[in-house]
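Student: model the following, please.
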Amino acid sequence: MGQLPMQVLIAIGAGVLIGAFAPHAGEALKPLGDLFVKLVRMVIAPVIFVSIVTGIAGMRDLGALGRVAARALGYFAVMSGFALVLGLVVANWVRPGDGFMIAPGALDSGKVADYVAKAHDSTLGGFFMGLIPDTLLSSQIEGNILQVLVVAVLFGVALATVPVAGVGERLLGLFEDLGAVLFRLVAILMRAAPVGAFGAMAFTVGKFGIAALAHLALLVLTFYATSLIFVLGVLGVVSWLAGFSVLRLVRYLTQELLLVFGTSSSESALPGLMQKLEAAGVPRGIVGVVVPTGYSFNLDGTNIYMTLAALFIAQACKVELSLGQQILLLGVAMLSSKGAAGVTGAGFITLAATLAIVPSVPIAGMTLILGVDRFMSECRSLTNFMGNAVATLVIARWEGTLDRAKLAEALGG
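Tutor: Now for the predicted structure:
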């Protein structure tokens with residue numbers, strides 16, 4: 001393990017200790033984690049824009065671009081389905097909500113009113129309208145990943161097809177130089193990762209306390225175990241079929257995974273993931289298209305969470321859902337997870353949108369998991385992150401453009 005990952009690991013441990021033994025001090029350290037995540041988010045939009053533009057313009061083959069995008073979206077749909085079904089099966093098998101005996105009328109819906117309101121804004125209609133920014137530059141200013149993706153693809157296509165000789169090459173060289181500077185900036189910001197991880201973890205433990213997990217421990221443990229089964233089982237098989245080991249990939253991405261765990265945000269490791277996948281032999285064009293798209297469309301951890309949490313709430317409120325209702329729930333979850341892409345707290349918001357389709361399950365039941373949602377968000381982020389890392393390698397392998405020698409060297413054989 002390198003120096004920075006070890007520093008992040010030590011910082012996470014120190015944050016847990018501070019939060020456990022000095023909770024008020026731990027809560028006060030929240031700005032450290034928020035500041036670091038904000039620093040990283042500051043460069044995400046330009047990094048994605050430059051990576052996509054240089055990848056598409058360098059690719060020149062627009063037919064290949066469309067094929068990559070189509071294959072990526074198809075792959076995302078299949079893996080989302082696997083994740084949703086796995087959450088549903090485990091929830092029916094373990095039944096973590098059976099011991100609660102909660103009367104729906106005793107629940108306070110006021111605590112989740114804000115999430116429910118945001119869920120109404122996360123429909124697919126609003127999602128498609130939100131794809132197009134108001135101006136060419138507003139996507140960069142607002143940092144909406146999907147809008148950045150749309151503008152970057154259009155700009156990259158225009159750059160690849162510009163008819164004036166020499167103009168495209170000069171601009172492409174300029175963007176490649178800009179990309180080198182941006183990734184150098186990311187490397188500088190990453191030096192603050194231990195501080196951010198320390199502050200975020202101290203706040204989480206100080207605010208909610210380790211003891212807060214006690215009465216909901218089965219749900220939390222079930223979610224972590226299910227996510228682990230998905231990563232090692234489903235993603236493990238997919239990786240094996242593609243010719244690499246998911247465990248070696250986890251080791252290769254240790255620094256980024258620790259960062260995601262410490263900050264509870266997969267966005268904090270997005271620039272590092274893109275850089276490492278390129279170093280592992282994935283062409284820049286594929287990295288630029290698959291990774292940002294996956295951050296909105298390939299949310300495996302969020303999908304597992306939605307079906308598992310929805311059935312937990314139903315079980316806790318003594319509401320038995322028929323097979324048809326559960327299948328309906330699964331279908332809506334598949335769509336709502338895309339409709340709320342890019343919304344802050346998307347996991348909890350999409351859960352509200354999904355529960356609304358089954359009136360017999362009270363949305364107020366979300367208050368049961370509100371206290372431990374912060375603990376589960378770390379697992380959601382880790383699973384989402386690994387899902388997108390595997391997806392990018394698989395799409396590159398599918399395209400026949402993965403440099404197997406570079407991949408073997410990066411993953412240690």
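Student: give me the buried positions along stretch 221-232.
Tutor: Buried residues in stretch 221-232, counted by 16 or more other C-beta atoms under 10 Å: T222, F223, Y224, T226, S227, F230, V231. For glycine as for every other residue, the C-beta is placed from the backbone atoms N, C-alpha and C.
Student: nearest to V78 among the residues you listed?
Tutor: F230 (13.2 Å; C-beta to C-beta).
Student: so the closest one sits against I304, correct?
Tutor: Yes: with contacts counted by C-beta atoms under 8 Å, F230 reaches I304, the gap being 6.2 Å.
Student: now do the shared contacts for the two.
Tutor: Residues touching both F230 and I304 (C-beta atoms under 8 Å, 6 or more residues apart in numbering) are A83, L86, T383.
Student: could you check the pLDDT of the last one?
Tutor: According to the prediction, T383 has pLDDT 93.
Student: now swap in the first one and tell me
Tutor: You'll see A83 listed with a pLDDT of 94.
Student: grab the nearest non-local neighbour of it.
Tutor: Distances taken as C-beta to C-beta, 6 or more residues apart in numbering place N303 nearest to A83, at 3.8 Å, with adjacent residues excluded.
Student: so that neighbour sits against S80, correct?
Tutor: Yes: using C-beta under 8 Å, N303 is in contact with S80, at 5.2 Å.
Student: in terms of neighbours, single out the busier of these two.
Tutor: Legend: neighbour count by other C-beta atoms under 10 Å for N303 and S80, higher for N303 (30 against 22).
Student: ok, which stretches of the stretch 1-150 of the chain are helices?
Tutor: Along the stretch 1-150 of the chain, counting by DSSP state H, counting those that start in this stretch, helices occupy 3-21, 23-28, 30-59, 62-94, 113-120, 124-129, 138-142, 145-160.
Student: out of these, which is closest to Q325?
Tutor: When the helices of the stretch 1-150 of the chain are compared by C-beta to C-beta, helix 62-94 sits nearest Q325, at 11.2 Å.
Student: buried ones in the closest one, by neighbour count?
Tutor: 64-65, 68, 71-72, 75-76, 79-80, 82-84, 86-88, 90-91, 94.
Student: give me the residue ranges of the stretch 101-250 of the chain where confidence is low.
Tutor: For the stretch 101-250 of the chain, the stretches with pLDDT under 70 are 101-130, 143, 164-165, 208-216.
Student: at 80 instead, please
Tutor: 101-132, 136, 139-146, 149, 162-168, 204-205, 207-217 (pLDDT under 80).
Student: same check on the stretch 251-400 of the chain?
Tutor: For the stretch 251-400 of the chain, applying pLDDT under 80 flags the ranges 264-267, 296, 332-375.
Student: tell me what angle the helix or strand where C379 lies forms with helix 62-94.
Tutor: Under the criterion of DSSP states H and E, C379 resides in helix 373-399. Put simply, helix 373-399 runs at 140 degrees to helix 62-94, going by axes from the mean of the first three to the mean of the last three C-alpha atoms, to 10 degrees.
Student: the helix or strand that helix 373-399 is followed by - contacts with which helices or strands?
Tutor: Using DSSP H and E, the helix or strand that follows helix 373-399 towards the C-terminus is helix 404-410. Here helix 404-410 touches helix 270-279, going by 3 or more C-beta pairs under 8 Å, 6 or more residues apart in numbering; DSSP states H and E.
Student: list the buried residues in the helix it packs on.
Tutor: Under the neighbour-count criterion of 16+ other C-beta under 10 Å, helix 270-279 has L270, P271, G272, L273, M274, Q275, K276, L277, E278 buried.
Student: and the contacts of it?
Tutor: Outside helix 270-279, the residues that reach it (C-beta under 8 Å, 6+ apart) are 40, 43-44, 47-48, 51, 182-183, 186, 190, 252-253, 255-256, 259, 284, 287-288, 291-292, 295, 385, 388-389, 392-393, 406, 410.
Student: mind putting the helices of the stretch 1-150 of the chain into JSON lines with distance to L323?
Tutor: Formatted as JSON lines, the helices of the stretch 1-150 of the chain follow (distance: least, C-beta to C-beta, whole Å):
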{"stretch": "helix 3-21", "distance to L323": "42"}
{"stretch": "helix 23-28", "distance to L323": "44"}
{"stretch": "helix 30-59", "distance to L323": "41"}
{"stretch": "helix 62-94", "distance to L323": "10"}
{"stretch": "helix 113-120", "distance to L323": "25"}
{"stretch": "helix 124-129", "distance to L323": "25"}
{"stretch": "helix 138-142", "distance to L323": "42"}
{"stretch": "helix 145-160", "distance to L323": "34"}
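Student: closest one to V237 among the ones you listed?
Tutor: Per C-beta to C-beta, nearest to V237 of the helices of the stretch 1-150 of the chain: helix 62-94, 10.2 Å.
Student: look up how far L189 lies from the residue lying closest to G196 once chain neighbours are set aside.
Tutor: Closest residue to G196 apart from its sequence neighbours, by C-beta to C-beta, 6+ apart: F36 at 2.5 Å. Plainly put, F36 is 8 Å away from L189 if you go by C-beta to C-beta, to the nearest Å.
Student: same check on S377?
Tutor: 22 Å.
Student: and for A410?
Tutor: Taking C-beta to C-beta, one finds A410 at 22 Å from L189.
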